[in-house]
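>>> this one's structure only:
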Ligand code: GLY
């Protein structure tokens, strides 16, 4: 009896010791992987500076904004009213944020200041992207009151597209739709939430909440994938149809749209504290994790029947990565480790030569292999400025989370 007791004690101590060694091996393995990925992220931000130094040396017209590549390989730069016009300044502001170097601030200011006219442009829902990535980051980093005025005026302009019968901001004025609302539009709410906190107006908060609720109700399917376009009757608010414009099919899950939705609801939870937005974001994230390919970079549409012989969309990965990093840091989120792990895998993949361009190539954009509008065969397998923007944002978020900046 006594000998058996000693035997059991010895075995138990042996097992505990093995387990402890294993735990510390795993622990240090995890730590090493994180340290390694922190270095990957730092290297990626160094490379971002190299590429955008080439970009600002070669592209000197401050009234046009690099967006992608033309078919002949030259840089496709767009006018202020293009929906992507604010991302270039946004990347430059993030580089200023990271380095604190005046040269980045000067460059960011140039491509921000030249956008001022858009604050009165009421022909698009995309003012949130256009103004908040440029002037929004600029105000956050410099406190320039002129930038604040542009954001407030831009929010006022954007709010004129809200229809209380529908409960949404109208997305597009083109096409045969009556009142089209696209899932991407969730992203424009970030500027309106900010404005509600930085002005005396309640209306920005109320209309953002209403837009987010209406979108949650009408854009999402039971599996938490999203339609791209929902068209409404502007008089009655009734849904006319649910279709796609940039995806494979009306019923499919267009990859970037799913990322916009995830980011939009994570951000809406941050800005409002409304539990239903967090629950919705978690459901979207879980749906997406169940659909991602093994290497974590989505194909351009999750339901494209030609997978795996179809283009990837690095922009969808970059947007999702940034949203997953934010979600993973919320203490109230179960399975947050899974979201962090997925985001880490995305960073590792995007930072590899498979997706990161060689110096001075790719029109001086960082990431290769995004898809703009596949049904129109426009911007397929190219760099896109918004892929770079959300990638750099993700890198900064990752370093912040790891106390590495
Ligand atoms: N908001 C347009 C796009 O994602 O292509």
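Now that the structure is in, tell me what you want to look at. A quick note: this is a predicted structure, and the numbers were derived from the prediction, not measured. Numbers count the residues shown, from 1 in each chain.
>>> which SSE is residue 95 in?
Secondary structure assignment for residue 95, by DSSP states H and E: helix 85-99.
>>> what about the strands in this structure?
Secondary structure of the chain by DSSP state E: the strands cover 65-69, 75-78, 162-163, 168-169, 180-182, 229-232, 239-243, 370-373, 378-382.
>>> what helices or strands is the first one leaning on?
Put plainly, it is strand 65-69. Contact here means 3 or more Cβ pairs under 8 Å, 6 or more residues apart in numbering; DSSP states H and E; on that basis strand 65-69 packs against strand 75-78, helix 85-99, strand 378-382, helix 385-401. From N, CA and C alone the C-beta is placed, and that goes for glycine too.
>>> could you give me the average pLDDT of that strand?
For strand 65-69, mean pLDDT rounds to 98.
>>> confidence score at residue 201?
Looking at residue 201 specifically, the model assigns a pLDDT of 84.
>>> ok, now which ones touch the most centrally placed residue in the chain?
For the chain, the residue sitting closest to the mean C-alpha position, by Cα atoms, centre = their mean, is residue 319 at 2.7 Å. The neighbours of residue 319, taking Cβ atoms under 8 Å, 6 or more residues apart in numbering as the test, are 256, 259, 260, 262, 263, 386, 390.
>>> state the distance from the last one to residue 283.
Distance of residue 390 to residue 283, given as Cβ to Cβ, to the nearest Å: 21 Å.
>>> more neighbours: which of the two?
Neighbours around residue 390 and residue 283, counted as other Cβ atoms under 10 Å, are more numerous at residue 390. The numbers are 28 against 15.
>>> hang on, the more buried one packs against residue 315?
Yes: the pair residue 390 and residue 315 passes the contact test of Cβ atoms under 8 Å, sitting 7.1 Å apart.
>>> neighbours of the residue in the stretch 251-400 of the chain positioned nearest to the ligand, how many?
When Cβ to the nearest ligand atom is the measure, the stretch 251-400 of the chain has its nearest residue to the ligand at residue 256, with 4.9 Å between them. Each residue near residue 256 was counted by other Cβ under 10 Å, and the total is 28.
>>> relative to residue 69, which of the helices and strands packed on strand 65-69 is closest?
Set against residue 69 and scored by Cβ to Cβ, the helices and strands packed on strand 65-69 come closest in strand 378-382, at 5.1 Å.
>>> now the closest one, how far from the centre of its chain.
18 Å (Cα atoms, centre = their mean, to the nearest Å).
>>> stretch 368-385 too?
Between the mean C-alpha position of stretch 368-385 and that of its chain there is a distance of 16 Å (Cα atoms, centre = their mean).
>>> cool, stretch 344-362 as well?
How far stretch 344-362 lies from its chain's middle: 17 Å, per Cα atoms, centre = their mean.
>>> end to end, how far does it reach?
Start-to-end span of stretch 344-362 (Cα to Cα, to the nearest Å) is 24 Å.
>>> chain neighbours aside, what residue packs nearest to the residue nearest to the centre of the chain?
The spatial neighbour of residue 319 that comes closest, neighbours along the chain excluded (Cβ to Cβ, 6 or more residues apart in numbering), is residue 259 at 3.8 Å.
>>> check residue 195 too.
Nearest non-adjacent residue to residue 195 (Cβ to Cβ, 6+ apart): residue 155, at 3.9 Å.
>>> quick one, what contacts the one you found?
Under the criterion of Cβ under 8 Å, 6+ apart, the contact list for residue 155 reads 127, 191, 192, 194, 195, 199, 204.
>>> export the contacts of residue 319 to TSV and append columns for pLDDT and distance to residue 323.
Written out in TSV, the entries for those read as follows (pLDDT from 0 to 100; distance: Cβ to Cβ, whole Å):
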residue	pLDDT	distance to residue 323
256	98	12
259	99	7
260	98	9
262	98	5
263	99	4
386	99	14
390	99	9
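>>> show me the residues you listed that map onto helices.
With helices identified by DSSP state H, the entries of those that belong to them are 256, 259, 260, 262, 263, 386, 390.
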